[in-house]
Every structure is written in C-alpha cells, then in structure tokens.
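1. Here's my sequence, what's the structure:
(chains A and B)
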Amino acid sequence: MDGKVIKLKGVSKSFNNIPVLRDINMAIEPGKIYALLGKNGAGKTTIVKILAGVYQGDSGTICYGDEQVSLKSPKDARQLGWGFVLQDLGLFDNLTIAENIYFNNFPDEKAGILNKKSIFTNARKLCETVGINIDVRTKVANLGMGQKHIVAFLRLIALNPKAMIIDELSSALTHEDTKRIFGLIKMYKAKGCPVLYVTHNVSDIYSYVDNIIVIRDGEVVIDDRIENVKDNEILISMVGKDLRKRYPKLVAAKGSEVLRAENISVPGLLENISFALNRGEVLGIAGLVGSGRTALAKVLSGLLPGYSGELYYNRKKIRLRSPKSAVKQGICLIPDDRVREGIFNVSDLRLNITIAHLNAIERPRLNFMIDHRQEKKIVTEYLDRLGVYYFSLDQQMRFLSSGNQQKVLIARWLLANANVLIMDEPTKELDVASKVEVYNLINEMIRENKAVIFISSDFTEIVGMSDRILVLAAGRIVLETDKKNATNDLILKSALKEVIP
Amino acid sequence: MLKQRFDDFYKWIIKANIRFYGIWIGLVLLCLILSLATNNFLTVSNLTNVCRQVSVNIILACGMTIVIISGGIDLSVGSILAFSGVLMASVMLRYGMVLGIVTAVLAGAVLGFINGMLIFRRKSLAFVVTLGTMTIWRSITAIYTGGLPYTNFSDDFLVIGSGDILFIPIPFIIAIAVALISVFLLNRTKYGKYLYAIGSNAEAARNCGVSTNAVITVAYTICGLMAAIAGIVFSSRLNSAQSQGGLGYEMDVIAAVVIGGTSLSGGRGKISGTIAGAFLMGLLRNGLNLLNVTANWQQTVIGIVIIAVVLWDKGGHAAIVKDIRKGNTDIL
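-> As a prediction, this is how the structure comes out:
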C-alpha cells in the first residue's frame, strides 16, 4: 500500500473581507476515508475548492507527502493525480455519459484524435463494475440528479486517482447506490488513496468512514477517529450550542389567514403540499437540497405556473401564472441565489430598491414619468431605515457587501407592500451582525401584520426564527411542528426520512 | 473604517463614472490635435459639415443604444433604413411627401416590432434573429426595386437633407430631436427603468413583476422606427433611395454606441456617450480626410480606436467578468 498524506497547514481564506476559513490545519492520511462535516456556510466547500485549485488560500500551505505543492489552477491538482467531485458536478449536458466520464482523459487517444469506439466500450465496462445500467450513449442532459452524480463519480474513477475529494455526493443517491459507490471508494482506499468526503449530514455514510473532521465557522472543531466521537456530539459541534434562545424572535399577534395551499403538486418536484399561513406568522421551511423547498418557493411566487392544486390568498382562490401576478397580490420572493436572480448588479441603488413598485415614485399627473425628487426621498428613507451602508445613491449594487445587498432586497419588497415575503436562505453568506439585522427586519414585518415564509438549510436558524415549521423531503411534507416542540435533531431526522428508506 | 470608505469611493469613481466622462475628454483632445494639424478643421463650415455627416449615424445609434441597454442588439438597422427609404420614395411618388414619410416611419416601427416578437424575451437570440431579418428586409427591398434606385426627389423633400435652419443643418436638428426623445425615454420614464433593469438582469426583472416581453418588444420597435427616420434623412441627403442604402451601417452604429461607454451586456448606457462616440468617429474621419489619408487607412485608425476604448473601459463587460471569475461575487 502506497500513498501520500495531504496536509493543510494554517490555511485561511476571506472573500470580500469576510473570513471564511481561519487557520485550518488538517491531515488526510492515505488509506483512510475522512468525512468532512459542517453546516452550510461553515467552509467545507471552500476547502475543497482550494484543494482543487479553483481558489487560492490567502495564507497557509498545502503539502502532499513531504513536498509543498502550489495549486494555482485545477490543472495543478489534476497533475498530482487528485480526483474531485464538486458540488456543481461540472458535467457537460450536451455530451454523452461516456464522453463525460472520459473527458480530457480519453482512452486510446492518438495525437489528439479520439477513438470513439473505445470511449464507449470502456465507459460501458466501468458502469458494469458499479452496477449501473444506463446506456452510455445517453446525453447527460436527460439524466436525473442521482444518475448525474454517479456519472461525476465515474469520471473521478476513470482518472485512476491517487487521492479522492468528494463534495456532497450521497444526498442525491439512494441507499443502494451509496453502498456501491463506497464499494469502489474502499478499493481505492486499499490502494492507499487518501479520501476526503464532504457532507453536511453524516447519518448516511456513518458506516463507511474511518475519521471525522467537523468544521464550524471556518475552524476545525473535531478531528478524530469515528469510534471516538459520539453521534450527538457531532451534531452539537456542527451547530454550536442550542442557540434557540439567542435568536431575537418576536412573537406577534396572529392575524387573519393570508395564504393557504391545498394539495400543491408539481410532477417530479412536489407532492400534495398543503399548509396555511396567517398574518404575523413566520413559517419556516426546512429540508435538504433537493427536498422541494425551492420548488415550493417558485410555485408560490409565480415562477412555476404548471402546478396542480389550489392556492388561496386572503381566502380568495387565485392562480399564479407568472411572477407578475404574484407580485401584484403581494407575494414576493427573495431568491437564494441573490446575485444571479435578485440583484441588478450594474444598476444603481435607486433602481434596485424601486423597481418592483415604480408607482411609488411616479409623477402625480403624468404616471408614466418618474418623479426624481420623490425617488431620492423614498430611496434614502428606506436605506436609512434598514441601516444600509452606502455613499451614493448612484453607486452600483455590486459594490455593496452581501449583508447590505440582502437588506436592499428586503427594502425592495417592503416598498412594494409585500404581504407575504418568501425568503430563500436569507442569511446565507452573511456575517453575524447582518444576520441579526435580517432577523430584526423579519420581526418588523410580522409586527406590521405581514407574513414571512423562511426557507433555510440551517436547522438551528429555522427553529430559532419560526413560529411554525414544515419539513420537506423528496417533495413531500414529512413533519409539521411548532416552535415549542421543534429541536434540531427532530428536524434533521425528518429531513432524512426519505433518503433512508 | 475610514480607509474602507475611501477605497470604496475610489472604486466607485473609477468604475462607475469615468467611462462616461472620459470620452468627452478624448473628444476635446482630438479636436485640439486636429485643429493644430490642419488649417481648415476648426472652421464653421467644416464643423457644420461634420454635424450633417454624423446625423444619420446618431439617429440610428439612439435606437441601437436603447436596444443594447436592454441587453440585446439589432443588426438589421441598416436594412430597415433601406427598406423604409425605398417604401417612402415609392409612396411619395404617388401620394405625396407627407404620406410617404408617415408610411416609412410606420414601416420601420412594424419591422422593429417583428424583430421584437421573434426575439420574444430571449435576449440572447437577438444577434441571430436580427442577422436573419437584416438579410430578409434588404433582399425584399432589392426584389421590390429590381436593383433600380428612386431618385429626383422634389425640392421640398431635398431640403430635409441639405437645408439649414440658422446655420444648423436640418439632419442634425432631427438627430438632436431623436436624441432628446431617447434621453427622455431612458431617464425620465418608468419604461426607461424597466429597460435598464432588464438589461442588468432579465430574470430578476421578471421576478419583480416586470413584463419583460413587452418592454423588449417596444425597444426593438423604437429602434426600427428610428432606423426609418434615418432612412428618410439618408435618402434626402443622397437624393436617392435604393436597396443598397445603409449597407454595413450597423457596424458604425455599434461602434458609436460602444465607444460611448454603453456596455454590450446591457443595463448601462447613455445617449450622450453614444453621441460623443458618433462624433469621435466623425471628427476622426473628417480630420483624416483633411490630412489626405486614404479611406482604407481611416478604417484602420477607427478600428484601433474602438479596440483601445473597449480594453481601457474599466467599468465595462470585461471588467465585470473578471470580477466574477476572481470569486468576488460568490462565496463557499
């Protein structure tokens, strides 16, 4: 058995002055499978990307064996023989499974000319070893999420890697597939490969790993053999103490029913979702990636018009065919990918705040024109009210910090008289101070008799900030509970219910 | 904290605004250099001539600026120019000047509308769609005219292209009017806000309840309408309306828009910049003419200027892409 140890020494990384990794020291020894755990935002993916050469650490070194290595680009990592499966998979939808598996690693390639037949034959053989039965000539675009993950894994195997670093693979797979995949991983482990397996819940791979490393807030908090670590200890170390008491959640008077969903279904995404929401309430929606949370948010905000089931707004039946119809009613969405779907990056603060409700700044008699004085007044008013740090109304949105950007998005919907504000991962990438400010804004909204739907992967946060909680798994509601009875553990176990049959 | 504030401020100054003011500095410098290098440059007759020459480009470029701000592009403006010029001439022959002009303008709007409908909210298709319509409109025009030009227009009509009001060429007055209307539309109306929003992030705009399809279609309609106005001025100046009119003009139009600081990826742009861009090219051509530089070398110089401006542009598309790649807008 031969293999070299991968060591991270003193690695730190910040983005836009927000520290994401603080002095990370880790050793991944050959012939062992390490589970790297941590909740969303803890820094796991950043570590993976640094090892993959996508990012470079601001400080610290990486050693492979006895030598220090410099990973300035993914090519460097690949030349060391390291194989990766990253969170966004990096597959080519328009190419076939076989072509994806052997991409840039083509068998029998002669001077740049490909041997198509051998690509398909080898791919077929590889699939058989894992027990996968798909035609390797299928285009990846036609595969389901789980199958895509398997293809990404096979691509890693095809490299015959000397080290494996895998980010979030099993949450998309069935129990059977996970077993098969770990069968292959164990073969490479026996050959001396160091294996780093990143996940944010450990239950599904508990029996396969040797060691556990837990990251919280950019620091290593546990690094030990799995036998020495107790189950609940892992959970607590991932999320810190039970912070429920630290969340500034205000309980407001419950008003009339503002939104009701009955048997909302979208084929392949949601199944029979029913719930009711009252004014003054915060409804938390928890669930793992792929559980249907974002699909539900999209249905409620008009982005998925092809749903079946009924929606009632203020007890009147409505049909949401487009975002415009949702916004008109007052149902507004702050998407989780706020940079790509929420923010007008190159536009100024004025536009970003007023765009959803230009009527607020229209000229009294000529409605199609803008009243610039009114615009300045209102925009300044909202920016000050939310405590956004800016130096000019004309500055581009992209120069604001994430926290301030999020506040501007909230300001946009406050101005637009949102009655139901759906917030998908509102505190993602935010520092602690900004998180608290967002929580306070939520309090303000429910004090003003609005309702908030709060979607998050952070179970502690959901438990801390919601009045009621829905847990989704595989497109269905698996648990409905209220704040009093909810604990992190309960939610985590329910969220995993569909993953483990 | 103070240093942070200063850094941000500095970034803002450089990235947001210098691209729009830098062009005017360049223009002034150019005029200085040219007036020193030649005798005739800084004369009233020469400068008013330049104004007359850039007018058609400015009219086309205003429509193009609107479309580019929305995140699209319209390659068919030259063809719409030819089509409406010929249609106008044909109608004018039988039914008089006024009806001719009105028909031409309406036709431009209709062609633009067709562009918008074909693109239907998917701004990424703009290039291919307008490439197609560019060929279609011009070939239809060629079929209609059989390759022969309309000419010998009435003196009343020729005044449009060759006349002056108080020393200011009429084409230039029309160009300024079109520019002012565009400025009004972009800066002072709700529509303008929607346009900038869609150009900046079409998906986010849709999420905010903006009717992206309607706004984009209107943008292309306006562009077509302005191309028709350009066609009328063009035909009047040349006393000729033919299917070859405006051939290749879209390149100069896009050049003016880009030099003027408008980002090709949408969401940012100013008419004033476009006018400055049009003048930069017009003055450059004029100066090189006076210096007896051949037309081919003139094109080389203009090409170099375009590349220089785009590369130096710190707030533009290239700079934004670099920021995103460096990881400045995605964390974990």
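
2. so which helix or strand takes in A:Val478?
-> strand A:476-482 (DSSP states H and E).

3. Give the buried residues for that strand.
-> Residues of strand A:476-482 classed as buried: A:Arg476, A:Ile477, A:Val478, A:Leu479, A:Thr481 (neighbour count, 16 or more other C-beta atoms under 10 Å in any protein chain shown). Placement of C-beta: from N, CA and C, glycine included.

4. ok, now which ones touch the first one?
-> Applying C-beta atoms under 8 Å, 6 or more residues apart in numbering or on different chains, one finds that A:Arg476 lies in contact with A:Leu270, A:Glu271, A:Asn272, A:Ile273, A:Gly292, A:Glu498.

5. Output those residues as a markdown table; include the columns secondary structure and neighbour count.
-> Shown next, in a markdown table, are the contacts of A:Arg476 (DSSP: H, G, I helix; E, B strand; the rest coil; neighbours: other C-beta atoms under 10 Å in any protein chain shown):
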| residue | secondary structure | neighbour count |
| --- | --- | --- |
| A:Leu270 | strand | 27 |
| A:Glu271 | strand | 17 |
| A:Asn272 | strand | 14 |
| A:Ile273 | strand | 25 |
| A:Gly292 | coil | 24 |
| A:Glu498 | coil | 17 |
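
6. Let me see the ranges of the helices in the stretch 151-300 of chain B.
-> B:155-162, B:170-188, B:190-200, B:202-207, B:212-238, B:249-259, B:271-290, B:295-312 (DSSP state H, counting those that start in this stretch).

7. mind checking the SS state of A:Ile469?
-> strand (DSSP: H, G, I helix; E, B strand; the rest coil).

8. Identify the bridge partners of the closest residue in space to it that isn't next to it in sequence.
-> Nearest non-adjacent residue to A:Ile469, counting by C-beta to C-beta, 6 or more residues apart in numbering or on different chains: A:Gly284, 4.3 Å away. Counting by DSSP bridges, A:Gly284 is bridged to A:Phe454, A:Ile469.

9. Export the contacts of A:Arg476 to JSON lines and append columns for distance to chain B.
-> Below are those laid out as JSON lines (distance: C-beta to the nearest C-beta, whole Å):
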{"residue": "A:Leu270", "distance to chain B": "19"}
{"residue": "A:Glu271", "distance to chain B": "25"}
{"residue": "A:Asn272", "distance to chain B": "26"}
{"residue": "A:Ile273", "distance to chain B": "21"}
{"residue": "A:Gly292", "distance to chain B": "19"}
{"residue": "A:Glu498", "distance to chain B": "26"}
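
10. want to throw those residues into JSON lines with distance to B:Leu284?
-> What follows is the contacts of A:Arg476, written out as JSON lines (distance: C-beta to C-beta, whole Å):
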{"residue": "A:Leu270", "distance to B:Leu284": "60"}
{"residue": "A:Glu271", "distance to B:Leu284": "65"}
{"residue": "A:Asn272", "distance to B:Leu284": "68"}
{"residue": "A:Ile273", "distance to B:Leu284": "63"}
{"residue": "A:Gly292", "distance to B:Leu284": "59"}
{"residue": "A:Glu498", "distance to B:Leu284": "67"}
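
11. Now pLDDT too, for these, in TSV please.
-> Converted to TSV, those look like this (pLDDT from 0 to 100):
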residue	pLDDT
A:Leu270	89
A:Glu271	89
A:Asn272	90
A:Ile273	91
A:Gly292	85
A:Glu498	51
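
12. May I see the buried residues of stretch A:88-98?
-> Going by 16+ other C-beta under 10 Å, stretch A:88-98 has these buried residues: A:Leu89, A:Leu91, A:Thr96, A:Ile97, A:Ala98.

13. bridging residues for A:Lys139?
-> A:Thr96.

14. Quick check: pLDDT value at it.
-> Per-residue confidence (pLDDT) for A:Lys139: 89.

15. Please give me every residue in contact with it.
-> A:Asp93, A:Asn94, A:Leu95, A:Thr96, A:Ile97 are the contacts of A:Lys139 under C-beta under 8 Å, 6+ apart.

16. Give me the spatial nearest neighbour of the third one, chain neighbours excluded.
-> Using C-beta to C-beta, 6+ apart and skipping residues adjacent in sequence, the residue nearest A:Leu95 is A:Val140, 6.4 Å away.

17. contacting residues for that neighbour?
-> A:Leu91, A:Phe92, A:Asp93, A:Asn94, A:Leu95, A:Thr96, A:Ile97, A:Asn100, A:Lys148, A:Val151.

18. Take those and keep only those in helices.
-> Secondary structure from DSSP state H places A:Ile97, A:Asn100, A:Lys148, A:Val151 of the contacts of A:Val140 in helices.

19. Can you add distance to A:Pro305 and give those residues back as JSON lines?
-> Compiled in JSON lines, the ones in helices among the contacts of A:Val140 are given as follows (distance: C-beta to C-beta, whole Å):
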{"residue": "A:Ile97", "distance to A:Pro305": "32"}
{"residue": "A:Asn100", "distance to A:Pro305": "32"}
{"residue": "A:Lys148", "distance to A:Pro305": "26"}
{"residue": "A:Val151", "distance to A:Pro305": "31"}
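
20. residues near the closest residue to chain B within the stretch 51-200 of chain A, how many?
-> Here the residue of the stretch 51-200 of chain A nearest chain B is A:Tyr55; by C-beta to the nearest C-beta that distance is 6.1 Å. By other C-beta atoms under 10 Å in any protein chain shown, the residues close to A:Tyr55 number 20.

21. which SSE is the residue nearest to it when sequence neighbours are not counted in?
-> Spatial nearest neighbour of A:Tyr55, chain neighbours left out: A:Lys49 (4.7 Å); criterion: C-beta to C-beta, 6+ apart. If you go by DSSP H and E, A:Lys49 is part of helix A:44-51.
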